[in-house]
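Asks: A structural model of the following input is requested.
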Amino acid sequence: MKSIFKILSLGLISVSSPSFAQQTSTSEKLWQGKQAAVVLTYDDALNVHLDNVIPALEASGLKGTFYLSAFFDGSKNRLEDWKKAGEFGHELGNHTLYHPCDASLPGRTWVSPDNDLHKYTTAQILKEIRMTNVFLESLDGQKERTFAYTCGDTATGEGSFMEEIKDDFVASRGVRGALNSIGNINLLNVDSYGINGETGEELIQLVKEAQEKNALITFLFHGVGGEHDLNVSLEAHQILLDYLEENKDTIWTTTMLEAAKHVKEHQD
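Replies: Numbers count the residues shown, from 1 in each chain. Below you'll find the predicted structure:
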């Protein structure tokens with residue numbers, strides 16, 4: 001009787017073990033063999049991105065995604081610097097020409113009337129977005145690109161334009177703070193964590209959660225060491241970069257474009 005129980009037990013082990021191993025193997029393959037993917041994005045073409053962020057990324061051997069609004073001073077006054085950023089392998093993403101936002105929403109009194117997305121037609125925003133793609137191509141020569149919704153807004157006064165731009169971009173980044181898991185990632189509105197005042201330890205904790213859940217985490221930075229009301233300190237930003245560099249064996253830090261292409265391949 002004991003021998004029969006032993007055989008049955010071994011049988012159960014032989015059935016369950018491959019299943020667990022298969023799940024582990026599948027999850028490990030999701031992010032280039034790593035536990036998680038991290039995308040560092042920086043909005044609004046700020047001078048601190050060129051002066052503070054890119055040197056720090058280069059020193060750590062990491063790449064970032066920079067969403068440029070073409071009319072902003074930080075874009076048009078530093079064209080050669082952005083060209084160099086593209087040559088270094090950083091992604092130059094589309095953040096529209098004039099950065100319109102929906103002034104009809106709460107807390108948007110700062111939006112000027114001529115930049116009120118709620119008063120735009122869909123044709124207007126499409127022209128602005130596509131012209132920005134031309135501007136960006138003149139900097140880096142690239143055809144494939146990703147987009148970031150200004151203020152996270154996805155609609156004009158005529159309604160959503162998300163479907164209208166889906167063929168213009170590999171993916172578009174949103175602003176909802178959540179992790180992205182393969183099988184449930186909406187590439188028309190990829191979730192991201194907007195950062196404002198967090199410590200380096202808090203940023204690392206978000207990455208650790210992504211590692212535990214085998215997920216993609218996208219960070220949305222504005223100011224890094226100043227220049228924007230939404231800001232993270234240089235120290236906190238560097239602590240995050242140090243962690244990502246030290247854990248390259250288990251974390252894939254990449255651009256939004258490369259992450260989105262990877263998601264498309266595995267999610268399909």
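
Asks: For stretch 229-242, buried residues please.
Replies: Of all the residues in stretch 229-242, those buried under the rule 16 or more other C-beta atoms under 10 Å are N231, V232, S233, A236, H237, Q238, I239, L240, L241. Yep, even glycine has a C-beta here, placed from its N, CA and C like the rest.

Asks: meant to ask about stretch 190-200
Replies: Of the residues in stretch 190-200, those scored as buried under the neighbour-count criterion (16+ other C-beta under 10 Å) are V190, D191, S192, Y193, G194, I195, E198, G200.

Asks: quick revisit: restricted to helices, list the buried residues of stretch 229-242.
Replies: Secondary structure assignment (DSSP state H) places A236, H237, Q238, I239, L240, L241 from the buried residues of stretch 229-242 within helices.

Asks: Mind putting those into TSV with pLDDT?
Replies: TSV is the format used below for these (pLDDT from 0 to 100):
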residue	pLDDT
A236	98
H237	98
Q238	98
I239	98
L240	99
L241	98
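
Asks: What segments of the stretch 151-268 of the chain are helices?
Replies: 200-212, 234-246, 256-267 (DSSP state H, counting those that start in this stretch).

Asks: Check which helices and strands the first one sits against.
Replies: Contact partners of helix 200-212 among helices and strands, from 3 or more C-beta pairs under 8 Å, 6 or more residues apart in numbering; DSSP states H and E: strand 36-43, strand 216-221, helix 234-246.

Asks: how about 10 Å then?
Replies: Helix 200-212 is packed against strand 36-43, strand 193-194, strand 216-221, strand 231-232, helix 234-246, strand 251-254, with contacts defined by 3 or more C-beta pairs under 10 Å, 6 or more residues apart in numbering; DSSP states H and E.

Asks: just the last one next, same as before
Replies: Contacting helix 256-267 under the criterion 3+ C-beta pairs under 10 Å, 6+ apart are the following elements: strand 36-43, strand 65-68, strand 91-94, strand 146-148, strand 171-173, strand 216-221, strand 251-254.

Asks: now the protein, which segments are flagged as low pLDDT?
Replies: Counting by pLDDT under 70, the chain contains low-confidence residues at 1-29.

Asks: Next, name the residue at the spatial heart of it.
Replies: The residue lying closest to the centre of the chain (C-alpha atoms, centre = their mean) is T218, at 4.2 Å.

Asks: For the closest residue to that residue other than its chain neighbours, which residues are in contact?
Replies: Sequence neighbours aside, S192 is the residue nearest to T218 in space, at 3.9 Å (criterion: C-beta to C-beta, 6 or more residues apart in numbering). Residues in contact with S192, defined by C-beta atoms under 10 Å, 6 or more residues apart in numbering, are 39, 41, 43, 148, 152, 173-178, 180, 216-221, 256.

Asks: If any of those are buried, put those into a PyMOL selection.
Replies: To isolate the buried members of the contacts of S192 in PyMOL, using 16+ other C-beta under 10 Å:
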select buried, resi 39+41+43+148+152+173+174+175+180+216+217+218+219+220+221+256
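
Asks: and stretch 127-134, how far from the chain's centre?
Replies: From the chain centre to the centre of stretch 127-134 is a distance of 20 Å (C-alpha atoms, centre = their mean, to the nearest Å).

Asks: buried set for that stretch?
Replies: When burial is assessed from 16+ other C-beta under 10 Å, stretch 127-134 yields the following buried residues: E128, I129, T132, N133.

Asks: The third one and K261, how far apart?
Replies: Distance, T132 to K261, by C-beta to C-beta, to the nearest Å: 21 Å.
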